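[1] Structure for the following, please:
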Amino acid sequence: MKKRILLVDDNEDMLMLCSRELIKAGYDVATACNAKKGLEIFERQKNEIAAVVLDVLLPDMDGRRLSGKIRELDESMLIVLYSNYRNTDMLAKWGVPKDTPYVIKGNEQELIDIIRNAQQKKK
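    Residues are numbered from 1 along each chain as shown. Got it, this is the predicted structure:
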């Protein structure tokens, strides 16, 4: 079973916090501080990546657009949107599919549960 998670967030504190929790849960974590780096890492490591966790708002590209680019490379990749925004109405306005998991930052256990559940379903 793949154990690498790609985490893309422009907030270094959140990258460290979320990475630490994912590592405690047994995952290997690759991080990127912007969409461009995240896409580069995904292109190089997509065969080892179990899931991609994306901040909704990044300085160089929003998470919705980045998730679309990742889906072009691997349509079955688990993508979880991760943000401080509690109002999910903007996701619907952006055309994000309703089944896209969305986790509010600070709820890392929920994030881990989503990833584990998705991996169990793939078995």
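
[2] which residues does the residue positioned nearest the centre of the chain contact?
    Nearest to the mean C-alpha position of the chain, by C-alpha atoms, centre = their mean, lies residue 53 at 0.9 Å. Residue 53 sits next to 5-9, 18, 79-80, 82, 103, 111 when contact means C-beta atoms under 8 Å, 6 or more residues apart in numbering. Placement of C-beta: from N, CA and C, glycine included.

[3] what bridges to the nearest residue to residue 27 once chain neighbours are set aside?
    Residue nearest to residue 27 in three dimensions, not counting chain neighbours: residue 5, with 4.9 Å by C-beta to C-beta, 6 or more residues apart in numbering. Beta-bridge partners recorded for residue 5 (DSSP bridges): residue 29, residue 51.

[4] and the nearest residue to residue 35 once chain neighbours are set aside, how many neighbours?
    In space, and not counting its chain neighbours, residue 35 is closest to residue 61: 3.7 Å by C-beta to C-beta, 6+ apart. Residue 61: 19 surrounding residues under other C-beta atoms under 10 Å.

[5] Give the ranges of residues in the protein that sit below the confidence cut-off.
    1-2, 85-97, 123 (pLDDT under 70).

[6] where do the helices sit along it?
    12-24, 35-45, 63-73, 89-94, 108-122 (DSSP state H).

[7] For those helices, give me CSV that also has mean neighbour count.
    Formatted as CSV, the helices of the chain follow (neighbours: other C-beta atoms under 10 Å):
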stretch, mean neighbour count
helix 12-24, 15
helix 35-45, 17
helix 63-73, 18
helix 89-94, 12
helix 108-122, 15
